[in-house]
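Participant: Test case, fold it:
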Amino acid sequence: MKHVYTFFILMVIISCSHSQKTTVTPKDYLDEVFTIVEENSIKRDSVDFDDIKSKAYEKINSMDSIENCYPIVNSILKDIGDNHSFFMSKEEVAKWQSTSKTADVNEIITFNGKLLNQDIGYIHMKGFGSGDSISIQQYADSLQNQIKSIDNKNLKGWIIDLRENTGGNCWPMLAGLGPLLGNGICGYFIDNKQKKFSWFYNYGESGIDSTTITKISGQHYELLNNSNPIAILTGKRTASSGEVVVAAFHKKNNTRSFGESTRGLSTGNANYTLSDGSMILLTSSIYADRQGNIFGKEIEPDEIIKNSYSSNGKFYDKVIQRAVKWIYE
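Facilitator: Numbering: from 1, shown residues only. Now for the predicted structure:
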(Lines give C-alpha, C1' and ligand atoms only; values in the text may rest on other atoms or scores of the structure.)
Protein backbone atom coordinates (compact mmCIF):
# COMPACT_ATOMS: atom_id res chain seq x y z
CA MET A 1 0.00 0.00 0.00
CA LYS A 2 1.40 3.38 -0.96
CA HIS A 3 0.26 6.50 0.87
CA VAL A 4 0.58 9.99 -0.52
CA TYR A 5 -0.74 12.96 1.40
CA THR A 6 -2.66 15.39 -0.78
CA PHE A 7 -5.44 17.81 -0.23
CA PHE A 8 -8.38 17.45 -2.61
CA ILE A 9 -7.11 15.60 -5.51
CA LEU A 10 -3.49 16.02 -5.92
CA MET A 11 -1.32 17.64 -3.50
CA VAL A 12 1.69 15.61 -2.67
CA ILE A 13 3.04 15.95 0.84
CA ILE A 14 4.48 12.71 2.17
CA SER A 15 5.13 9.41 0.44
CA CYS A 16 5.89 6.03 1.97
CA SER A 17 5.52 2.45 0.81
CA HIS A 18 4.88 -0.91 2.39
CA SER A 19 5.56 -4.43 1.22
CA GLN A 20 2.77 -5.92 -0.85
CA LYS A 21 1.60 -9.45 -1.42
CA THR A 22 2.26 -10.90 -4.86
CA THR A 23 -1.39 -11.95 -5.11
CA VAL A 24 -4.02 -9.72 -3.54
CA THR A 25 -7.45 -11.18 -2.91
CA PRO A 26 -10.64 -9.12 -2.60
CA LYS A 27 -10.44 -9.61 1.18
CA ASP A 28 -6.82 -8.40 1.22
CA TYR A 29 -7.93 -5.37 -0.77
CA LEU A 30 -10.71 -4.47 1.66
CA ASP A 31 -8.31 -5.03 4.56
CA GLU A 32 -6.09 -2.35 2.98
CA VAL A 33 -9.02 0.01 2.66
CA PHE A 34 -10.15 -0.37 6.27
CA THR A 35 -6.60 -0.05 7.61
CA ILE A 36 -6.48 3.36 5.92
CA VAL A 37 -9.92 4.72 6.78
CA GLU A 38 -10.05 3.55 10.39
CA GLU A 39 -6.74 5.22 11.18
CA ASN A 40 -6.96 8.38 9.08
CA SER A 41 -10.57 9.42 8.51
CA ILE A 42 -11.50 12.78 10.01
CA LYS A 43 -14.67 10.98 11.26
CA ARG A 44 -12.89 7.96 12.71
CA ASP A 45 -14.14 8.64 16.24
CA SER A 46 -17.78 9.13 15.26
CA VAL A 47 -18.35 6.31 12.75
CA ASP A 48 -19.54 2.77 13.51
CA PHE A 49 -16.86 0.94 11.53
CA ASP A 50 -18.04 -2.47 12.75
CA ASP A 51 -21.32 -1.99 10.92
CA ILE A 52 -19.63 -0.66 7.76
CA LYS A 53 -17.14 -3.53 7.76
CA SER A 54 -19.76 -6.24 8.24
CA LYS A 55 -21.72 -4.97 5.22
CA ALA A 56 -18.60 -4.63 3.08
CA TYR A 57 -17.10 -8.05 3.82
CA GLU A 58 -20.46 -9.72 3.28
CA LYS A 59 -20.51 -8.30 -0.27
CA ILE A 60 -17.10 -9.69 -1.26
CA ASN A 61 -18.08 -13.35 -0.75
CA SER A 62 -18.96 -13.64 -4.43
CA MET A 63 -16.21 -11.34 -5.74
CA ASP A 64 -13.50 -12.88 -7.91
CA SER A 65 -11.47 -9.75 -8.78
CA ILE A 66 -10.21 -6.52 -7.25
CA GLU A 67 -12.06 -4.47 -9.87
CA ASN A 68 -15.37 -5.91 -8.70
CA CYS A 69 -14.62 -4.47 -5.27
CA TYR A 70 -14.55 -0.87 -6.54
CA PRO A 71 -18.29 -0.24 -5.89
CA ILE A 72 -17.83 -1.56 -2.37
CA VAL A 73 -15.03 0.93 -1.70
CA ASN A 74 -17.29 3.72 -2.96
CA SER A 75 -19.99 2.54 -0.56
CA ILE A 76 -17.52 2.51 2.35
CA LEU A 77 -16.48 6.10 1.68
CA LYS A 78 -20.12 7.16 1.35
CA ASP A 79 -21.03 5.46 4.65
CA ILE A 80 -18.26 7.35 6.46
CA GLY A 81 -20.32 10.46 5.76
CA ASP A 82 -17.72 13.20 5.42
CA ASN A 83 -19.18 14.19 2.00
CA HIS A 84 -15.74 14.72 0.48
CA SER A 85 -13.85 11.41 0.32
CA PHE A 86 -13.88 9.58 -3.00
CA PHE A 87 -12.29 6.75 -4.95
CA MET A 88 -10.34 6.61 -8.22
CA SER A 89 -9.89 3.42 -10.23
CA LYS A 90 -6.41 2.58 -11.50
CA GLU A 91 -7.47 3.78 -14.96
CA GLU A 92 -8.63 7.12 -13.55
CA VAL A 93 -5.37 7.47 -11.61
CA ALA A 94 -3.33 6.85 -14.76
CA LYS A 95 -5.32 9.49 -16.66
CA TRP A 96 -4.93 11.98 -13.81
CA GLN A 97 -1.16 11.48 -13.82
CA SER A 98 -0.75 12.03 -17.59
CA THR A 99 -2.77 15.15 -18.47
CA SER A 100 0.21 16.76 -20.21
CA LYS A 101 -0.09 13.99 -22.84
CA THR A 102 -3.87 13.70 -23.07
CA ALA A 103 -5.42 17.09 -22.23
CA ASP A 104 -5.58 20.21 -24.37
CA VAL A 105 -4.33 23.57 -23.11
CA ASN A 106 -7.83 24.69 -21.99
CA GLU A 107 -7.97 21.76 -19.56
CA ILE A 108 -4.63 22.77 -18.04
CA ILE A 109 -4.73 26.57 -18.12
CA THR A 110 -8.09 26.91 -16.41
CA PHE A 111 -7.82 30.62 -15.62
CA ASN A 112 -7.78 33.90 -17.50
CA GLY A 113 -6.94 37.46 -16.61
CA LYS A 114 -7.51 40.99 -17.85
CA LEU A 115 -7.72 44.63 -16.81
CA LEU A 116 -11.04 46.05 -15.64
CA ASN A 117 -11.52 49.81 -16.14
CA GLN A 118 -7.83 49.93 -17.08
CA ASP A 119 -6.78 49.99 -13.43
CA ILE A 120 -8.02 46.78 -11.72
CA GLY A 121 -6.42 43.39 -12.25
CA TYR A 122 -8.98 40.59 -12.69
CA ILE A 123 -8.14 36.87 -12.45
CA HIS A 124 -10.88 34.29 -13.08
CA MET A 125 -9.89 30.82 -11.82
CA LYS A 126 -11.73 27.58 -12.46
CA GLY A 127 -10.67 24.30 -10.86
CA PHE A 128 -7.47 22.52 -11.87
CA GLY A 129 -7.48 18.71 -11.69
CA SER A 130 -4.16 17.08 -12.52
CA GLY A 131 -1.47 15.03 -10.82
CA ASP A 132 0.89 15.40 -13.79
CA SER A 133 4.08 17.27 -12.82
CA ILE A 134 4.38 18.85 -16.29
CA SER A 135 0.81 20.18 -16.20
CA ILE A 136 1.28 21.41 -12.63
CA GLN A 137 4.42 23.32 -13.62
CA GLN A 138 2.73 24.81 -16.67
CA TYR A 139 -0.24 26.00 -14.63
CA ALA A 140 1.79 27.62 -11.84
CA ASP A 141 4.21 29.35 -14.22
CA SER A 142 1.41 30.59 -16.47
CA LEU A 143 -0.59 32.00 -13.57
CA GLN A 144 2.34 34.04 -12.25
CA ASN A 145 3.08 35.23 -15.78
CA GLN A 146 -0.57 36.29 -16.14
CA ILE A 147 -0.33 38.36 -12.96
CA LYS A 148 2.93 39.90 -14.16
CA SER A 149 1.40 40.84 -17.52
CA ILE A 150 -1.50 42.66 -15.81
CA ASP A 151 0.43 44.39 -13.04
CA ASN A 152 1.37 48.04 -13.59
CA LYS A 153 2.15 51.14 -11.53
CA ASN A 154 -1.35 52.60 -12.07
CA LEU A 155 -3.21 49.55 -10.75
CA LYS A 156 -5.71 50.30 -7.96
CA GLY A 157 -6.34 46.71 -6.86
CA TRP A 158 -7.08 43.09 -7.74
CA ILE A 159 -10.11 40.82 -8.05
CA ILE A 160 -9.71 37.03 -7.80
CA ASP A 161 -12.90 35.37 -9.01
CA LEU A 162 -13.24 31.88 -7.50
CA ARG A 163 -16.97 31.43 -8.12
CA GLU A 164 -16.31 28.60 -10.61
CA ASN A 165 -13.34 27.07 -8.82
CA THR A 166 -14.62 23.58 -8.04
CA GLY A 167 -11.29 22.35 -6.67
CA GLY A 168 -8.39 20.19 -7.75
CA ASN A 169 -4.75 20.73 -6.96
CA CYS A 170 -4.24 23.61 -4.54
CA TRP A 171 -0.43 23.75 -4.70
CA PRO A 172 -0.02 25.21 -8.22
CA MET A 173 -2.92 27.55 -7.42
CA LEU A 174 -1.10 28.86 -4.36
CA ALA A 175 2.25 29.03 -6.16
CA GLY A 176 0.72 30.88 -9.10
CA LEU A 177 -1.12 33.35 -6.87
CA GLY A 178 1.93 33.82 -4.68
CA PRO A 179 2.63 37.45 -5.68
CA LEU A 180 -0.85 38.33 -4.36
CA LEU A 181 -0.68 36.06 -1.30
CA GLY A 182 2.68 37.35 -0.13
CA ASN A 183 5.41 35.31 1.55
CA GLY A 184 4.72 33.27 4.65
CA ILE A 185 2.14 30.92 6.15
CA CYS A 186 -1.31 31.40 4.65
CA GLY A 187 -3.28 28.59 6.29
CA TYR A 188 -3.34 25.22 7.99
CA PHE A 189 -4.63 21.67 7.72
CA ILE A 190 -5.72 20.21 11.07
CA ASP A 191 -5.93 16.42 11.18
CA ASN A 192 -8.06 14.08 13.28
CA LYS A 193 -5.48 14.20 16.08
CA GLN A 194 -5.58 18.03 16.12
CA LYS A 195 -2.10 18.24 14.62
CA LYS A 196 -1.57 21.37 12.48
CA PHE A 197 0.21 21.38 9.13
CA SER A 198 0.91 24.87 7.80
CA TRP A 199 0.69 25.70 4.11
CA PHE A 200 2.85 28.49 2.71
CA TYR A 201 4.01 30.57 -0.21
CA ASN A 202 7.65 31.74 -0.24
CA TYR A 203 9.46 33.33 -3.17
CA GLY A 204 7.91 31.20 -5.89
CA GLU A 205 7.35 28.07 -3.82
CA SER A 206 4.22 26.60 -2.23
CA GLY A 207 4.09 23.69 0.14
CA ILE A 208 3.35 22.37 3.58
CA ASP A 209 5.44 22.88 6.72
CA SER A 210 9.05 22.73 5.42
CA THR A 211 8.24 20.72 2.27
CA THR A 212 8.05 22.50 -1.11
CA ILE A 213 5.46 20.90 -3.38
CA THR A 214 5.23 23.32 -6.31
CA LYS A 215 7.90 25.78 -7.41
CA ILE A 216 7.92 28.39 -10.17
CA SER A 217 10.45 27.25 -12.75
CA GLY A 218 11.91 30.67 -13.52
CA GLN A 219 12.25 33.90 -11.58
CA HIS A 220 9.28 34.42 -9.28
CA TYR A 221 7.33 37.66 -9.68
CA GLU A 222 6.78 40.34 -7.02
CA LEU A 223 4.03 42.95 -7.27
CA LEU A 224 4.89 46.56 -8.01
CA ASN A 225 2.57 47.54 -5.15
CA ASN A 226 1.85 44.84 -2.60
CA SER A 227 -0.45 47.09 -0.57
CA ASN A 228 -3.16 47.23 -3.25
CA PRO A 229 -6.53 45.87 -2.04
CA ILE A 230 -7.58 42.38 -3.12
CA ALA A 231 -11.22 41.32 -3.56
CA ILE A 232 -12.02 37.58 -3.38
CA LEU A 233 -15.24 36.45 -5.10
CA THR A 234 -16.90 33.24 -3.86
CA GLY A 235 -20.04 31.25 -4.58
CA LYS A 236 -21.76 27.89 -4.19
CA ARG A 237 -19.43 26.29 -6.75
CA THR A 238 -16.30 27.36 -4.86
CA ALA A 239 -15.28 24.03 -3.41
CA SER A 240 -12.46 22.00 -1.88
CA SER A 241 -9.15 23.36 -3.19
CA GLY A 242 -11.04 26.43 -4.32
CA GLU A 243 -11.83 26.85 -0.64
CA VAL A 244 -8.12 26.41 0.16
CA VAL A 245 -7.51 29.57 -1.87
CA VAL A 246 -10.37 31.36 -0.09
CA ALA A 247 -8.95 30.34 3.29
CA ALA A 248 -5.45 31.44 2.22
CA PHE A 249 -6.68 34.99 1.65
CA HIS A 250 -9.03 35.00 4.64
CA LYS A 251 -8.04 37.67 7.22
CA LYS A 252 -5.18 38.87 5.03
CA ASN A 253 -4.56 42.60 5.26
CA ASN A 254 -6.21 44.69 2.53
CA THR A 255 -8.40 41.75 1.48
CA ARG A 256 -12.19 41.44 1.48
CA SER A 257 -14.50 38.74 0.10
CA PHE A 258 -17.78 39.16 -1.77
CA GLY A 259 -20.51 36.88 -3.13
CA GLU A 260 -22.14 33.81 -1.60
CA SER A 261 -20.93 31.18 0.85
CA THR A 262 -18.70 28.46 -0.54
CA ARG A 263 -19.75 24.85 -1.14
CA GLY A 264 -18.71 23.67 2.31
CA LEU A 265 -15.95 21.19 1.42
CA SER A 266 -13.24 23.00 3.37
CA THR A 267 -11.72 19.67 4.37
CA GLY A 268 -8.47 18.11 3.17
CA ASN A 269 -8.25 14.82 1.30
CA ALA A 270 -5.15 12.63 1.59
CA ASN A 271 -4.25 10.29 -1.29
CA TYR A 272 -3.71 6.60 -0.53
CA THR A 273 -2.63 4.40 -3.43
CA LEU A 274 -3.81 0.80 -3.06
CA SER A 275 -2.00 -2.35 -4.16
CA ASP A 276 -3.61 -2.49 -7.63
CA GLY A 277 -2.88 1.18 -8.42
CA SER A 278 -6.32 2.51 -7.52
CA MET A 279 -6.56 5.36 -5.04
CA ILE A 280 -8.59 6.52 -2.06
CA LEU A 281 -8.82 10.25 -1.48
CA LEU A 282 -9.81 10.29 2.16
CA THR A 283 -10.92 13.33 4.13
CA SER A 284 -8.43 13.50 6.97
CA SER A 285 -8.19 17.19 7.90
CA ILE A 286 -10.02 20.50 7.98
CA TYR A 287 -8.89 23.94 6.84
CA ALA A 288 -7.93 26.89 9.01
CA ASP A 289 -6.89 30.37 7.90
CA ARG A 290 -3.57 32.10 8.65
CA GLN A 291 -4.89 33.25 12.02
CA GLY A 292 -6.00 29.75 12.99
CA ASN A 293 -9.74 30.27 12.42
CA ILE A 294 -11.14 26.80 11.69
CA PHE A 295 -13.58 26.04 8.86
CA GLY A 296 -14.66 22.51 7.90
CA LYS A 297 -17.89 23.84 6.45
CA GLU A 298 -19.07 26.72 4.24
CA ILE A 299 -16.85 29.79 4.22
CA GLU A 300 -18.99 32.90 4.35
CA PRO A 301 -17.81 36.03 2.51
CA ASP A 302 -17.41 39.37 4.24
CA GLU A 303 -20.27 40.74 2.13
CA ILE A 304 -23.06 38.45 0.94
CA ILE A 305 -24.20 39.38 -2.57
CA LYS A 306 -26.39 37.20 -4.76
CA ASN A 307 -24.88 36.18 -8.07
CA SER A 308 -25.23 37.87 -11.44
CA TYR A 309 -28.55 38.58 -13.12
CA SER A 310 -29.86 39.74 -16.48
CA SER A 311 -32.24 42.66 -17.03
CA ASN A 312 -33.65 43.87 -20.36
CA GLY A 313 -31.14 41.75 -22.23
CA LYS A 314 -28.17 43.39 -20.50
CA PHE A 315 -25.89 41.38 -18.25
CA TYR A 316 -24.95 42.68 -14.81
CA ASP A 317 -22.58 41.18 -12.30
CA LYS A 318 -23.38 42.72 -8.95
CA VAL A 319 -20.55 40.88 -7.22
CA ILE A 320 -17.88 42.33 -9.50
CA GLN A 321 -19.54 45.74 -9.37
CA ARG A 322 -19.41 45.77 -5.57
CA ALA A 323 -15.80 44.55 -5.54
CA VAL A 324 -14.78 47.30 -7.94
CA LYS A 325 -16.55 49.90 -5.81
CA TRP A 326 -14.80 48.64 -2.67
CA ILE A 327 -11.40 48.83 -4.35
CA TYR A 328 -12.01 52.42 -5.41
CA GLU A 329 -13.22 53.27 -1.91
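
Participant: rest of the way, CA atoms for contacts and neighbours
Facilitator: Fine.

Participant: Tell me the spacing between residue 283 and residue 258.
Facilitator: Distance of residue 283 to residue 258, computed by Cα to Cα, to the nearest Å: 27 Å.

Participant: now swap in residue 120 and tell me
Facilitator: From residue 120 to residue 258 the distance is 16 Å (Cα to Cα).

Participant: How much space separates residue 111 from residue 127?
Facilitator: 8 Å.

Participant: Comparing those two, which residue is more hemmed in?
Facilitator: When residue 111 and residue 127 are compared for neighbours, residue 127 comes out ahead with 26 against 20, by other Cα atoms under 10 Å.

Participant: just checking, that one touches residue 163?
Facilitator: No. Using Cα atoms under 8 Å, residue 127 is not in contact with residue 163; the gap is 9.9 Å.

Participant: show me where the stretch 201-329 of the chain has strands.
Facilitator: 205-208, 211-215, 230-234, 255-259, 267-273, 279-288, 303-304, 309-311, 314-316 (DSSP state E, counting those that start in this stretch).

Participant: Could you figure out how far the fifth one is turned away from strand 279-288?
Facilitator: I take that to be strand 267-273. Inter-element angle recorded for strand 267-273 and strand 279-288: 150 degrees (by axes from the mean of the first three to the mean of the last three Cα atoms, to 10 degrees).

Participant: Now strand 267-273: buried residues?
Facilitator: 267-273 (16 or more other Cα atoms under 10 Å).

Participant: And the pLDDT for the spatially most central residue of the chain?
Facilitator: Taking Cα atoms, centre = their mean, the centroid of the chain lies closest to residue 241, which sits 1.8 Å from it. Listed pLDDT for residue 241 reads 95.

Participant: Looking at the residue nearest to it when sequence neighbours are not counted now. What's its pLDDT?
Facilitator: Leaving out its chain neighbours, the residue that sits closest to residue 241 by Cα to Cα, 6 or more residues apart in numbering is residue 167, at 4.2 Å. Predicted confidence (pLDDT) for residue 167: 94.

Participant: Report the contact partners of residue 167.
Facilitator: Applying Cα atoms under 8 Å, 6 or more residues apart in numbering, we find residue 167 in contact with 8, 126-129, 238-243.

Participant: Can you pull out the low-pLDDT segments for the chain?
Facilitator: Scanning the chain for pLDDT under 70 picks out 1-22, 308-316.

Participant: For the helix or strand where residue 101 lies, which residues meet the burial criterion?
Facilitator: Assigned by DSSP states H and E, residue 101 belongs to helix 99-102. For helix 99-102, a neighbour-count test (16+ other Cα under 10 Å) marks 99-100 as buried.

Participant: buried ones in the next helix or strand after that helix?
Facilitator: Toward the C-terminal end, the helix or strand that comes next after helix 99-102 (DSSP H and E) is helix 105-108. Residues of helix 105-108 classed as buried under the neighbour-count rule (16+ other Cα under 10 Å) are 107-108.

Participant: tell me what helix 105-108 is packed against?
Facilitator: With contacts defined as 3 or more Cα pairs under 8 Å, 6 or more residues apart in numbering; DSSP states H and E, helix 105-108 has these neighbours: helix 133-150.

Participant: helix or strand right after the helix it packs on?
Facilitator: Toward the C-terminus, helix 133-150 is succeeded by strand 157-161 as the next helix or strand (DSSP H and E).

Participant: What is the burial count for residue 225?
Facilitator: Neighbours of residue 225 using other Cα under 10 Å come to 15.

Participant: what's it in contact with, if anything?
Facilitator: residue 153.

Participant: Please state the backbone phi and psi of it?
Facilitator: phi -140, psi 100 (degrees, to the nearest 10).

Participant: Which of the contacts of residue 167 fall within helices?
Facilitator: Among the contacts of residue 167, the members found in helices (DSSP state H) are 241-243.

Participant: Tell me both backbone torsions, phi and psi, for the residue nearest to residue 241.
Facilitator: phi 120, psi -160.

Participant: how near is it to residue 147?
Facilitator: Where residue 147 is concerned, residue 167 sits at a distance of 20 Å (Cα to Cα).

Participant: Strands of the stretch 1-150 of the chain, residue ranges please.
Facilitator: Going by DSSP E, counting those that start in this stretch, the stretch 1-150 of the chain shows strands at 2-4, 15-17, 86-88, 111-116, 120-125.
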